[in-house]
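Chemist: Test case, fold it:
(one chain, ligands or ions: 1)
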Amino acid sequence: MFNSELTQKLTKLKTPFYFYDLDLLDKTILSLKESLEPNYSIYYAIKANNNSKIIKLIKDHDLGIDAVSGEEINKSLNNSIKPNKIVFAGVGKTKDEIIFAIKKKIYLINCESFDEISLIDKISHELNVRTKIAIRLNPNIDSRSHKYIKTGMFDSKFGIQIGHLAQILEKIKKLKHIDLKGYHFHLGSQIDDLGVFSKLCNVSNEINTYLKNKNFNITDINLGGGLGINYEQPDLNLIPDFKSYFQIFKKNLIYFDNQKIHFELGRSIVGQSGSLFSSILYLKKSFNKHFIIIDAGMTELIRPALYNAQHHIENLSSNHKEIKYDIVGPLCESSDTFAKDYYLNKSKIGDLIVIRSSGAYGEVMSSNYNLRKKVKAYYSNELF
Ligand code: LLP
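Modeler: Numbering: from 1, shown residues only. Now for the predicted structure:
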């Protein structure tokens, strides 16, 4: 991914930093759009990465935004995303966020409990409007990804149990200031087993028929996000296989002509376009291990520490034979480790290290623990 000319330019920059390949992002979005069926719409899960330059590409390609906070809505609007292209999800929306979303006339609010629905009804009454909502249901399907990023199992904090749907619909019928226009699922993230999505279609088909029989005019079916990316060998799948993913829905999903199918992809859109760059500060041998201590840590990319995530790592400054290292960050936490027993070209102080597939849930999850400063981001179209 990084030819010698680009590597030379990147070597001159102060590490650590994020680098985004906007050409790759553009190609990824084009490939995504080419794979869509006419009724399908993409709402980019902005939680994955909210960089303004990335939002601009999302907007230029006319995708929508899936926001999970008032500030994500605000940032989308400030970056010229139209309100009717924004949906708002989240298990714990505050009253102020709901008021903001309603006043800004966003497209749809995805609700996760009856308490939330009745608060939206009350606020809408006070503001003298009717608000379009969707109801997030918990399909009890195992996404077969890391336990921290599974969201659709019966014991998950997200969504409403399908078993409670009938009762909630009865209550909704009594509310005067909301319109139930959609239903929503999200199984989890980094899903590799596409079979999981065909199970989701079966649940969706049942719910769709059920709601129709109950005389609800459902116009929006939101199937969430979750498509995984290749972390081990990113160059083999720089652009995820959107065709196979959508094929599952094309084959299995039943919907009516007036219905729009939402997908809220985050990681699969932006994941491979971002990389974290870092330099080697020190090397040391300890017991039977060779440690490489780099200047990026869990403050810049928390995924390895939090989910044991394995990102592909390369030494761009060395052509020497590989040896086995533990690659660790500078923070005072043992979990501040990017990889254990990892084969990397024989390294020395100052070498440039790249941690791949960091475009999603990388920079957005950074923190200033140990009072570390937020690192800079560079973009492919600005380095030339
Ligand atoms: N829709 C909802 C309701 C979500 O909660 C999420 C992600 C998405 C869509 C987008 O999912 P994606 O297509 O990106 O998988 N920080 C974790 C991932 C957390 C995902 C949270 N929800 C990680 O680094 O793996």
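Chemist: Give the residue farthest from the middle of the protein.
Modeler: F287 (39.2 Å; CA atoms, centre = their mean).
Chemist: what pLDDT does that residue get?
Modeler: Looking at F287, its pLDDT is 85.
Chemist: what does F384 give?
Modeler: According to the per-residue confidence, F384 scores 63 in pLDDT.
Chemist: Numbering from 875 from now on, please.
Modeler: In the new count, where the first residue is 875, that last one comes out as F1258.
Chemist: Just want to check the distance between the residue farthest from the centre of the chain and the ligand.
Modeler: Separation of F1161 from the ligand (CB to the nearest ligand atom, to the nearest Å): 31 Å. In this view, the C-beta of every residue, glycine as well, is placed from N, C-alpha and C.
Chemist: quick one: the longest helix anywhere in the chain near the ligand?
Modeler: When the chain is parsed with DSSP state H, its longest helix is helix 1069-1087. No - figure legend: helix 1069-1087 not in contact with the ligand (CB under 6 Å from any ligand atom); closest approach 11.7 Å.
Chemist: Give me the distance from that helix to the chain's centre.
Modeler: What separates the centre of helix 1069-1087 from the centre of its chain is 23 Å, taken as CA atoms, centre = their mean, to the nearest Å.
Chemist: same for the very next helix or strand once past that helix, what does it pack against?
Modeler: Next helix or strand after helix 1069-1087 toward the C-terminus (DSSP states H and E): strand 1094-1096. Contacts defined by 3 or more CB pairs under 8 Å, 6 or more residues apart in numbering; DSSP states H and E place strand 1094-1096 against strand 1052-1058, strand 1134-1137.
Chemist: how near is the residue in the stretch 925-1074 of the chain positioned nearest to the ligand to K1222?
Modeler: Using CB to the nearest ligand atom, the closest approach of the stretch 925-1074 of the chain to the ligand is made by S1063 at 3.2 Å. Applying CB to CB, to the nearest Å, the value for S1063 to K1222 is 37 Å.
Chemist: These two: which is more packed in?
Modeler: The neighbour count for S1063 versus K1222, taken as other CB atoms under 10 Å, is higher for S1063 (25 against 12).
Chemist: Is the more buried one in contact with L1139, as I believe?
Modeler: No - under the criterion of CB atoms under 8 Å, S1063 makes no contact with L1139, lying 10.0 Å away.
Chemist: Between these two, which contacts overlap?
Modeler: Overlap of the contact sets of S1063 and L1139 (by CB atoms under 8 Å, 6 or more residues apart in numbering) consists of G1099, G1100.
Chemist: Domain-wise, how is the protein divided?
Modeler: Domain assignment for the chain by automatic domain parsing gives 897-1144, 1146-1256.
Chemist: Give me the distance between the longest one and the centre of its chain.
Modeler: Computed by CA atoms, centre = their mean, the chain-centroid distance of domain 897-1144 equals 11 Å.
Chemist: ends of that domain, how far apart?
Modeler: Across domain 897-1144, the terminal residues are separated by 11 Å (CA to CA, to the nearest Å).
Chemist: What average pLDDT does it get?
Modeler: Here the average pLDDT along domain 897-1144 is 95.
Chemist: neighbours of K1125, just the number please.
Modeler: Counted with other CB under 10 Å, residues neighbouring K1125 total 9.
Chemist: For the residue nearest to it when sequence neighbours are not counted, the count of nearby residues, please.
Modeler: Here the nearest residue to K1125 in space, its sequence neighbours aside, is S1072; by CB to CB, 6 or more residues apart in numbering that works out to 7.5 Å. Neighbour count for S1072, taken as other CB under 10 Å: 13.
Chemist: Run through the residues that contact S1072.
Modeler: Shown in contact with S1072 (CB under 8 Å, 6+ apart): I1122, K1125, N1126.
Chemist: when you check the ligand, which of these turn up near it?
Modeler: Near the ligand, taking CB under 6 Å from any ligand atom as the test, no member of these is found.
Chemist: which stretches of the stretch 875-1024 of the chain form strands?
Modeler: Assigned by DSSP state E, counting those that start in this stretch, the stretch 875-1024 of the chain shows strands spanning 891-894, 914-919, 938-941, 960-962, 982-985, 1005-1012.
Chemist: Redo these as CSV? Include distance to the ligand and mean neighbour count.
Modeler: CSV is the format used below for the strands of the stretch 875-1024 of the chain (distance: least, CB to the nearest ligand atom, whole Å; neighbours: other CB atoms under 10 Å):
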stretch, distance to the ligand, mean neighbour count
strand 891-894, 15, 23
strand 914-919, 3, 24
strand 938-941, 5, 28
strand 960-962, 9, 26
strand 982-985, 7, 28
strand 1005-1012, 7, 24
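Chemist: Buried residues, the longest helix of the chain. List them.
Modeler: V1070, F1071, K1073, L1074, C1075, V1077, S1078, I1081, N1082, Y1084, L1085 (16 or more other CB atoms under 10 Å).
Chemist: any idea of the angle it forms with strand 1005-1012?
Modeler: On the basis of axes from the mean of the first three to the mean of the last three CA atoms, to 10 degrees, helix 1069-1087 is oriented at 130 degrees to strand 1005-1012.
Chemist: report the longest strand in the chain, please.
Modeler: If you go by DSSP state E, the chain has its longest strand at strand 1148-1160.
Chemist: Note down every partner strand of that one and its orientation.
Modeler: strand 891-894 (antiparallel), strand 1163-1168 (antiparallel), strand 1226-1229 (antiparallel) (DSSP bridges).
Chemist: Name the residues that touch the first one?
Modeler: So the one you mean is strand 891-894. Residues contacting strand 891-894 (CB under 8 Å, 6+ apart): 884, 925, 927-928, 1147-1151, 1174, 1232-1233, 1236-1237, 1249-1254.
Chemist: Just give me how far it sits from the chain centre.
Modeler: The chain centroid and the centroid of strand 891-894 are separated by 17 Å, computed with CA atoms, centre = their mean.
Chemist: what does the chain have sitting close to the ligand?
Modeler: Near the ligand, when you scan the chain using CB under 6 Å from any ligand atom, you find 919, 921-922, 940, 963, 1023, 1025, 1060, 1063-1064, 1098-1101, 1138-1142, 1177, 1181, 1234-1235.
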